[in-house]
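Enquirer: need coordinates for the following:
(chains A and B)
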Amino acid sequence: MLAALFDSIPAMIVLTGVLVGAAAALPGVFLVLRGNAMLTDAISHSIVFGVIMVWLLTRELSGPVQLIGAGLTGVLTVALTEALTRTGLVKTDAAIGLVFSMLFATGILLIGIFARQVHLHADTILLGEIGFVWMRTTPVLGVAVPVSMVMLGVVLVLNLVFVVLFWKELKLATFDPALAAALGLAPAALHYTLLTLTSVTAVAAFDAVGPVLFIAFVIVPPATALLMTRRLALIVPLAAALSTIACVSGYFLAVHWNVAIGGMMATMTGVLFVMVLSMRALKRQLQHRRPVPGNPAPWP
Amino acid sequence: MRKERTQTLLKTRRTALLSAATLAICLSGGALAADPPLRVLATVGMIADVAETVAGDCAEVTTLIAPGVDPHYYSATPSDVRALSQAELILYVDFALEEQLAEVLRALSGRTRTLGVLEAALAADRLLDDPEAPGATDPHAWMDVSRWAEIVPVITAAMSEQRPDCAPAMEARAAAYRAQLDALHDWVGEAIASIPEGNRILVTAHDAFYYFSDAYGIQASEAIQGISTAAEASIGDILEVAEFVIENNVPAVFVETTVSPRTIRALVTEVRARGHRLEIGGELFSDAMGDTGTPEGTYIGMVRANTITITDALGGTRPPWPAVLGDWAAVWSLAD
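Expert: Take a look at the predicted model:
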């Protein structure tokens, strides 16, 4: 039964998407709430810097060393962004842009100087095509499981353990960092751990499904869930459920139109967001037809 | 009681006879009916066309990377996934070309027969090195028809191995195709030789023409980008080529269907700004063939179109189209 499931290619593809969606939703909710979700995009670019540094140090173009390098570059991106923001002179979004464009440009320059002749770019290590996840497998308890699913499963468990263990602290640090600090909860350390986990999740997901689909999963489903409820405890499972819907519907639509699978799944996260957003707008408009007595007149 | 038993026995025997007969019919029927066509997957059109021409009805050939798409950029659709999972034979050029797919092809070689046609067909001394990366092979061997013709027997053998019944028919078609390719090779050589000697310089967007240069005696050392289109062209690269173009009085440069014409346009602007004349000689098919259903969507048509574009732009004259290729031209209703 289980072996049959792992033999089905469509099941493998959709399940990988669902795993990425769940693993991304956990840090994604907090990133969206803190307003630094675009750090995931930054990481996808600064990885070029990691690729060339690892190549210069080890002359390895692929394999675990490159993945570790990518993870460390992600952490470096996060640390530099945080340090810049901490100065109070630069806002978070500007800091993200400053750091990743600098790392990306340095990477391209280093490739131009030292490795012109080598086919070196971020894609070299981060193939990331969700349609191909079924090809690289590893035996787990006698069943051939895609390597990407194993990696994503481990990352998902890590994220889940972290979020469950530090739920209260994360909640407080997100909404009231000053109070969290006053209570001795070390919001900075918590924040770093969250961003380091995001970086690790990003590298595992880039390797499995490519950067764009991952960024879509980090940002869009949590943003959609935020439109649906205000209860933090509901937002995380809701975001994971929305990604699952996007994966399944995206896969079947991709089959129907024979278009890129990853692209269709990312599109579906956007479609779901627009649907929820328009329902919200419609609801608000209906409410505004009957102005509540005592309230000031709403925006015309 | 006894009678009944005999009857049952008779019945059983009859049934046995019947099923034996059915089995025999089935078996003979099975032998008569052809095997299902071999499912072949080719990464690029240049290989798929060769496989299709040789296979006839014996194989169903799917191309993974659509015409006009740079193999360096590729994303998978569900039909690609199905084709990859169901293929019985996978043909690719060389990992240097199908960079993105290399890892996937390696992973698949465990369950499906995969064949790198360049490595199988050509001895190491006939393969050119990527001049910017010592040790790496330049994959663009289809630019030399005599080299590409060598993949015909390799592909034929790989398909015959899995459909032995089809082998004689495929070998006959392969021989006819090779004769066509030999004639095409001579025709291209003649066409390029007709270009005035000083004009025999090929300037393109990326280094896809070393084999063409090697086979047909046209200098192709000046391209803006290297073998791979993955890296960005720098201003220095463009200026360097511009100086070369002016120094050698090159009359025309060429864009490629799979590479953005931006860099070549920048080159033309630069050369003209310095008061020299330079034309864009036309569009060459470098990393992919033309659209399916057009003559350029076949290997012969792709080579023909490239040769005509180059010959016309650099001041040569087209030689008459070989008689052996008359049938090919008739299919596409091309005169000359």
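Enquirer: domain parsing for chain B?
Expert: Listed domain ranges for chain B are B:38-186, B:196-331 (source: automatic domain parsing).
Enquirer: can I get those domains in a markdown table including mean neighbour count?
Expert: From N, CA and C alone the C-beta is placed, and that goes for glycine too. What follows is the domains of chain B, written out as a markdown table (neighbours: other Cβ atoms under 10 Å in any protein chain shown):
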| stretch | mean neighbour count |
| --- | --- |
| domain B:38-186 | 19 |
| domain B:196-331 | 19 |
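Enquirer: I'd like to know which of the ones you listed is closest to chain A.
Expert: For those, proximity to chain A was assessed by Cβ to the nearest Cβ; domain B:38-186 is nearest, at 3.1 Å.
Enquirer: pLDDT below threshold where in chain A?
Expert: Confidence mapping of chain A against pLDDT under 70 gives the ranges A:1-3, A:61-63, A:115-127, A:289-300.
Enquirer: quick one, strands of it?
Expert: A:137-140, A:143-146 (DSSP state E).
Enquirer: could these go into CSV alongside distance to B:Gly297 and mean neighbour count?
Expert: CSV is the format used below for the strands of chain A (distance: least, Cβ to Cβ, whole Å; neighbours: other Cβ atoms under 10 Å in any protein chain shown):
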stretch, distance to B:Gly297, mean neighbour count
strand A:137-140, 36, 14
strand A:143-146, 35, 17
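Enquirer: can I get the ones you listed in TSV with distance to chain B?
Expert: Supplementary listing: these in TSV, determined by distance: least, Cβ to the nearest Cβ, whole Å:
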stretch	distance to chain B
strand A:137-140	8
strand A:143-146	10
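Enquirer: can you redo the domains of chain B as TSV with distance to A:Ala178?
Expert: Converted to TSV, those look like this (distance: least, Cβ to Cβ, whole Å):
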stretch	distance to A:Ala178
domain B:38-186	46
domain B:196-331	46
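Enquirer: let's have those in JSON lines, adding distance to chain A and mean pLDDT.
Expert: Listed next are the domains of chain B as JSON lines, based on distance: least, Cβ to the nearest Cβ, whole Å; pLDDT from 0 to 100:
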{"stretch": "domain B:38-186", "distance to chain A": "3", "mean pLDDT": "87"}
{"stretch": "domain B:196-331", "distance to chain A": "5", "mean pLDDT": "87"}
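Enquirer: and of those domains, who's closest to A:Asn159?
Expert: domain B:38-186 (26.5 Å; Cβ to Cβ).
Enquirer: coming back round to it: which of the domains of chain B sits closest to A:Gly88?
Expert: Comparing those by Cβ to Cβ, domain B:196-331 comes nearest, at 36.2 Å.
Enquirer: before we move on, back to that, export the strands of chain A as TSV, with columns for distance to A:Glu129.
Expert: Below are those laid out as TSV (distance: least, Cβ to Cβ, whole Å):
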stretch	distance to A:Glu129
strand A:137-140	15
strand A:143-146	12
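Enquirer: show me the contacts for A:Phe217.
Expert: Contact analysis of A:Phe217 by Cβ atoms under 8 Å, 6 or more residues apart in numbering or on different chains lists A:20-21, A:24-25, A:28, A:205, A:243, A:269.
Enquirer: repeat that for B:Pro295.
Expert: Contacts of B:Pro295 (Cβ under 8 Å, 6+ apart): B:301, B:304-305, B:332, B:334.
Enquirer: same thing but at 7 Å, please
Expert: Counting by Cβ atoms under 7 Å, 6 or more residues apart in numbering or on different chains, B:Pro295 touches B:301, B:332, B:334.
Enquirer: what segments of chain A are helices?
Expert: A:2-7, A:9-34, A:39-58, A:64-86, A:92-114, A:122-125, A:147-165, A:167-175, A:177-182, A:187-209, A:211-228, A:232-257, A:261-289 (DSSP state H).
Enquirer: same deal with the stretch 101-250 of chain B?
Expert: B:117-121, B:145-149, B:151-162, B:167-193, B:210-216, B:235-247 (DSSP state H, counting those that start in this stretch).
Enquirer: and A:Val212, which of these is closest to it?
Expert: Per Cβ to Cβ, nearest to A:Val212 of these: helix B:235-247, 28.9 Å.
Enquirer: near chain B, which residues of the stretch 151-300 of chain A?
Expert: A:254-255, A:258-263 (Cβ under 7 Å from any Cβ of the partner chain).
Enquirer: buried members of the residues you listed into ChimeraX, please.
Expert: Applied in ChimeraX, the following selects the buried portion of these according to 16 or more other Cβ atoms under 10 Å in any protein chain shown:
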select /A:254,255,259,260,261,262,263
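Enquirer: now tabulate the residues of the stretch 151-300 of chain A next to chain B in CSV and tack on distance to A:Pro187.
Expert: Putting these into CSV (distance: Cβ to Cβ, whole Å) gives the following:
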residue, distance to A:Pro187
A:Ala254, 41
A:Val255, 45
A:Asn258, 48
A:Val259, 43
A:Ala260, 40
A:Ile261, 39
A:Gly262, 35
A:Gly263, 37
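Enquirer: and the residues of the stretch 151-300 of chain A next to chain B, which is closest to A:Val75?
Expert: Using Cβ to Cβ, A:Gly262 is the member of those that lies nearest A:Val75, at 25.5 Å.
Enquirer: let me know the closest of the residues of the stretch 151-300 of chain A next to chain B to A:Leu39.
Expert: A:Gly262 (20.9 Å).
Enquirer: mind listing what the closest one touches?
Expert: For A:Gly262, the contact set (Cβ under 7 Å, 6+ apart) comprises A:129-130, A:209-210, A:213, B:75.
Enquirer: redo that, cut-off 6 Å
Expert: A:130, A:209-210, A:213 (Cβ atoms under 6 Å, 6 or more residues apart in numbering or on different chains).
Enquirer: and for A:Val20?
Expert: Residues near A:Val20 by Cβ under 6 Å, 6+ apart: A:205, A:209, A:217.
Enquirer: can you check B:Leu118 too?
Expert: Contacts of B:Leu118 by Cβ under 6 Å, 6+ apart are B:93-94, B:141.
Enquirer: I'd like those residues as CSV, with distance to A:Met275 appended.
Expert: Output for the contacts of B:Leu118, formatted as CSV (distance: Cβ to Cβ, whole Å):
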residue, distance to A:Met275
B:Val93, 45
B:Asp94, 46
B:Ala141, 51
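Enquirer: between the contacts of A:Gly262, which has the most around it?
Expert: Scoring these on neighbours with other Cβ atoms under 10 Å in any protein chain shown, the highest-scoring entry is A:Val209 at 33 neighbours.
Enquirer: excluding sequence neighbours, find me the nearest residue to it.
Expert: A:Ile130 (4.4 Å; Cβ to Cβ, 6 or more residues apart in numbering or on different chains).
Enquirer: residue of the stretch 51-200 of chain A closest to chain B, please.
Expert: A:Gly131 (3.1 Å).
Enquirer: ok, the residue nearest the centre of chain B - contacts?
Expert: By Cα atoms, centre = their mean, the mean C-alpha position of chain B lies nearest to B:Met46, the distance being 1.2 Å. If you count contacts by Cβ under 6 Å, 6+ apart, B:Met46 has them with B:142, B:299.
Enquirer: and what of the one 5 residues further on?
Expert: Neighbouring residues of B:Ala51 by Cβ under 6 Å, 6+ apart: B:40, B:42, B:61, B:155.
Enquirer: quick one: which of those sit in helices?
Expert: Those of the contacts of B:Ala51 lying in helices (DSSP H): B:Ile155.
Enquirer: got TSV for the contacts of B:Ala51, with distance to B:Arg178 too?
Expert: Output for the contacts of B:Ala51, formatted as TSV (distance: Cβ to Cβ, whole Å):
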residue	distance to B:Arg178
B:Val40	19
B:Ala42	18
B:Val61	18
B:Ile155	12
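Enquirer: which ones among the contacts of B:Ala51 map onto strands?
Expert: Using DSSP E, the contacts of B:Ala51 in strands are B:40, B:42, B:61.
Enquirer: any idea which of these is closest to B:Arg113?
Expert: Lowest distance from B:Arg113 to those (Cβ to Cβ) belongs to B:Val40, with 10.0 Å.
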